[in-house]
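Undergrad: Sharing a model prediction with you, sequence too.
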Amino acid sequence: MGAEEVEAILPRLGFPIETSVEAAGADRMFDVEVTSNRGDCLSHVGLAREVAAGRADVFGGDAGLRLPVASDTPVAEGAVADLASLRVDAAEACPFYTARVIRGVRVGPSPDWMVRRLEAVGLRSVNNVVDVTNYVLHEQGQPLHAFDLACVEEAKIVVRYAETGETFTAIDGSHHLLGPSNLVIADAKQPMAVAGVMGGLKSEVGDKTTEILLESAIFDPLSVRRTSRALKLASDSSFRFERGVDPLGVDAASRRAMALICTLAGGQPSEGVLMAGAPDAAIRHVTMRIQQCRRLLGVDLTAEAIVDMLARLELAPILENDGAVVRCVIPTFRLDLRREIDLVEEVVRLYGMERIGVGSRIAVEVRPVQARVVARRIIASTLVGHGFHEAITFTFVSPSQGKPFLDPDSGAIEVDEACRRVGTRAEPMLRPSLVPSLLNCRKSNQDVGNSQVRLYEMAATWQRCEEQVKEAHRLALLLDVDGAEGDATACEAALRSIRGAVEEIVHRLGAVEAVVLTPVEVPGYEVAADVGVAQVRLGTLGAVDAVTRDRFGLQGPVVAAELDLDALLGFYPSTPAVSALPRFPAIERDLSIVVDESIRWHQIEQVVTGVGATWFESLLYLTVYRGRQVPKGRKSVSLRMVFRDPVQTLRHEAVDGEVKKVIAALTEALAAVLR
């Protein structure tokens, strides 16, 4: 095919041509943009498949695809296993490794035709052996590497992770310090190459080389990417391994390179091949509904036309279910085809995006906002009404800040050294709680002189429970105590404020039951309480202790709350209950009772509401007093009871008896004394 045809076909198939440059002779060099999911097209063979598949729709007729084949090469006496050995200690990062030995090579300049072709794609010629590995990489997309076998200690190849402190000198002369996350190809003593990235200077093929070991393998894309980024070392090989290579192309590329080396550099291959692992050649089937393809494209394509297009892409399509479904056998080089929609995209690529009509109208289906979204908006608006500002913080904290907030029997989740960016090296731990994040945010406000800070955040947290990662969505609140450290009255006011915000959130989301606080001891808090509604535990609120504040560098006292966001969202939507407005006035009675310091408000509330007083409507907390008139170890709690008769106006004397019942119950249950 001519250059003009190629230039017309590739952009139509989704491969834009960035530049087109005249090369040596009559050649033309195309700089083609290839998406990251099409690793199979990072080679001349891969793009040739695309051009052959798309030619019929542009120029008509079929274009035969002639793949390069490895010519037969005479085999030398002696098995490869007698000349070298192979061991893979990291099968998860190297599922398939092959090695061939070629003896009697004569390293020298490459022929002019190969030099011209390599220069046409921007590569300089090194020698006839190295040039072959580069040539086959660009031809077939499979990276290869040739080792000087005489430089391989004990002729032993070991695929393993590097040991801490090992060093490596790459063929470009750069020096690197390796770690346990770096996969290497080593001999009996030291690393010779960084797997999938670059070979080393020690085993480089040179003028004195007579025996080579030819490597062709598969390396885990994530492992290659991590190592390449960590060492700041990139190559044509790493670029392809990061995007995935054809499992069945490993041995084919090795045989192709072996044949070329024997042709250009002489020598003979030893009998057999060293192999470890096996390629993942499992047959994958993907089906596509014909009607679904038509619906998505808006084009009434026939089943035969769809099958023809898929067949040109070597997908071996077969119609099933009376022509309603097409089943495709996915070639091993097409790692991107996994779902039905992937096949639809293949059809539209060959059919031509420019042939898809554009409608003048778009049908939009109006749906109500999801309940969880509405509930989150209610939470946000409620907290903003209470003076809180939303914080959006980083998901990482330092271990010293995060570990004290781990749940019992839970572990921390930290990013390994290879994945740590420069900015997160000091904070490698995924936060187990939102409170450390808000405390850091409070410190930032303190540094710029902000006071009376109120913050909230809705986000995810992570902990490790029995080797499983537990992700939870939480709501956290933090506010300043408007007073000096040790000011009990100011701390109580702050706790009442944060409790009031929590109660309003719960009630606005639809819970009809009261919020109950149960005192508990929680690490990191001076005083704390479990927050619950009915049988649902929501979380914890309390005053942050001095040790924790010092850890975050805070100068003033703060209170915080952390709640289970999913449990909160579960209260919404509620079924509203409507009742008529009261027709008659209520009678309010205030009481001040002296109780032990250990008595909590919810205990008083339970006693008062448990009396079942006639006409009783509600109970309100007023205040608490500690002073000279109250004995030490006791406190005075003021409360307000509201009574109302729905059918007539109440008289005070009618309520007196009910109030006496309440006082008697408080005296009996809590040893309360009326002030």
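TA: Noted; the coordinates are in hand. Numbering: from 1, shown residues only.
Undergrad: so how far is the helix or strand bottoming out on mean pLDDT in the chain off the chain centroid?
TA: Ranking every helix and strand in the chain by mean pLDDT, DSSP states H and E puts helix 44-59 at the bottom, with a mean of 84. With CA atoms, centre = their mean, to the nearest Å as the basis, helix 44-59 stands 36 Å off its chain's centre.
Undergrad: just stretch 343-356 next, same as before
TA: Per CA atoms, centre = their mean, the displacement of stretch 343-356 from the mean C-alpha position of its chain is 31 Å.
Undergrad: picking that back up, list the buried residues for the least confident helix or strand of the chain?
TA: Using 16 or more other CB atoms under 10 Å as the test for burial, helix 44-59 gives 44-55, 57. (C-beta placed from N, C-alpha, C; glycine too.)
Undergrad: Which of these sits closest to Val245?
TA: Closest approach to Val245 among those (CB to CB): Gly46, at 10.7 Å.
Undergrad: if I look at the residue lying closest to the closest one once chain neighbours are set aside, how far off is Gln142?
TA: Take Gly46 and drop its neighbours on the chain: the residue closest to it by CB to CB, 6 or more residues apart in numbering is Asp40, 4.5 Å away. According to CB to CB, to the nearest Å, Asp40 stands 11 Å off from Gln142.
Undergrad: Kindly report the same for Asp148.
TA: Counting by CB to CB - Asp148 and Gln142 are separated by 21 Å.
Undergrad: if we can go back for a sec, packing partners of the least confident helix or strand of the chain?
TA: If you count contacts as 3 or more CB pairs under 8 Å, 6 or more residues apart in numbering; DSSP states H and E, helix 44-59 packs onto helix 3-12, helix 128-140, helix 303-312, helix 340-351.
Undergrad: Strands of the stretch 101-250 of the chain, start to end?
TA: For the stretch 101-250 of the chain, strands defined by DSSP state E, counting those that start in this stretch occupy the ranges 144-148, 156-161, 167-169, 175-177, 183-186, 191-194, 198-199, 211-218.
Undergrad: Can you lay out those as TSV showing mean neighbour count and mean pLDDT?
TA: Output for the strands of the stretch 101-250 of the chain, formatted as TSV (neighbours: other CB atoms under 10 Å; pLDDT from 0 to 100):
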stretch	mean neighbour count	mean pLDDT
strand 144-148	25	97
strand 156-161	20	96
strand 167-169	16	95
strand 175-177	14	95
strand 183-186	26	96
strand 191-194	26	96
strand 198-199	23	96
strand 211-218	26	97
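Undergrad: Could you dump these into JSON lines and include distance to Leu434?
TA: Converted to JSON lines, the strands of the stretch 101-250 of the chain look like this (distance: least, CB to CB, whole Å):
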{"stretch": "strand 144-148", "distance to Leu434": "48"}
{"stretch": "strand 156-161", "distance to Leu434": "36"}
{"stretch": "strand 167-169", "distance to Leu434": "42"}
{"stretch": "strand 175-177", "distance to Leu434": "37"}
{"stretch": "strand 183-186", "distance to Leu434": "37"}
{"stretch": "strand 191-194", "distance to Leu434": "40"}
{"stretch": "strand 198-199", "distance to Leu434": "43"}
{"stretch": "strand 211-218", "distance to Leu434": "42"}
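Undergrad: quick one: low-confidence parts of the stretch 351-500 of the chain?
TA: Along the stretch 351-500 of the chain, segments meeting pLDDT under 70 span 416-426.
Undergrad: just the helices in it please.
TA: Using DSSP state H, counting those that start in this stretch, the helices of the stretch 351-500 of the chain run over 371-385, 399-402, 435-447, 488-509.
Undergrad: which one of those is the most hemmed in?
TA: Comparing these by mean neighbour count (mean count of other CB atoms under 10 Å), helix 435-447 ranks first with a mean of 21.
Undergrad: Just give me the neighbour total for Gln142.
TA: Other residues within reach of Gln142, judged by other CB atoms under 10 Å, total 26.
Undergrad: The closest residue to it other than its chain neighbours and Val374: what is the separation?
TA: Among residues not flanking Gln142 along the chain, Ala253 sits closest, at 3.5 Å (CB to CB, 6+ apart). Here the criterion is CB to CB. By it, Ala253 lies 57 Å from Val374.
Undergrad: cool, and Arg327?
TA: Arg327 is 43 Å from Val374, by CB to CB.
Undergrad: Might you report the residue contacts of Ala316?
TA: Residues in contact with Ala316, defined by CB atoms under 8 Å, 6 or more residues apart in numbering, are Cys328, Val329.
Undergrad: Which secondary structure state is assigned to it?
TA: coil (DSSP: H, G, I helix; E, B strand; the rest coil).
Undergrad: what are the phi and psi angles of it?
TA: Here is the backbone geometry of Ala316 (degrees, to the nearest 10): phi 50, psi 60.
Undergrad: do Gly556 as well
TA: Here the main-chain torsion angles of Gly556 (degrees, to the nearest 10) amount to phi -120, psi 160.
Undergrad: Return the residues in contact with it.
TA: Gly556 neighbours (CB under 8 Å, 6+ apart): Gln446, Asp480, Val481, Ala484, Glu485, Arg549.
Undergrad: Tell me the one of those residues nearest Glu77?
TA: Arg549 (79.0 Å).
Undergrad: so that closest one is in which element?
TA: For Arg549, the host element (DSSP states H and E) is helix 546-551.
Undergrad: so what does that helix touch, helix or strand wise?
TA: Secondary elements touching helix 546-551 (3+ CB pairs under 8 Å, 6+ apart): none.
Undergrad: Tell me how this protein divides into domains.
TA: Following automatic domain parsing, the chain resolves into domains at 3-59, 80-277, 284-351, 371-569, 587-674.
Undergrad: mind listing the strands for the stretch 451-600 of the chain?
TA: 454-465, 468-480, 515-520, 525-533, 536-544, 558-564, 587-596.
Undergrad: for the residue nearest to Ala162 when sequence neighbours are not counted, what are its contacts?
TA: Nearest residue to Ala162, sequence neighbours excluded (CB to CB, 6+ apart): Leu178, at 3.6 Å. Neighbouring residues of Leu178 by CB under 8 Å, 6+ apart: Ala162, Glu163, Gly165, Glu166, Thr167, Phe168, Val184, Pro191, Val194, Leu231.
Undergrad: now Leu178: how far from Arg675?
TA: Distance of Leu178 to Arg675, given as CB to CB: 76 Å.
Undergrad: just to revisit the earlier point, let me know which of the strands of the stretch 451-600 of the chain is tucked in deepest.
TA: Neighbour counts (mean count of other CB under 10 Å) averaged over each of these peak at strand 558-564, with a mean of 23.
Undergrad: tell me the angle that strand makes with strand 468-480.
TA: 140 degrees (axes from the mean of the first three to the mean of the last three CA atoms, to 10 degrees).
Undergrad: how far is strand 558-564 from where the chain is centred?
TA: For strand 558-564, the separation from the chain centroid amounts to 27 Å (computed by CA atoms, centre = their mean).
Undergrad: now what about it, what contacts it?
TA: So strand 558-564 is contacted by 433-435, 438-439, 442, 472-481, 491, 494-495, 498, 502, 525, 531, 537-544, 549 (CB under 8 Å, 6+ apart).
Undergrad: Mind checking what secondary structure the residue sitting furthest away from the middle of the chain has?
TA: Most distant residue from the mean C-alpha position of the chain: Glu653, 68.2 Å away (CA atoms, centre = their mean). Three-state call for Glu653 (three-state DSSP): helix.
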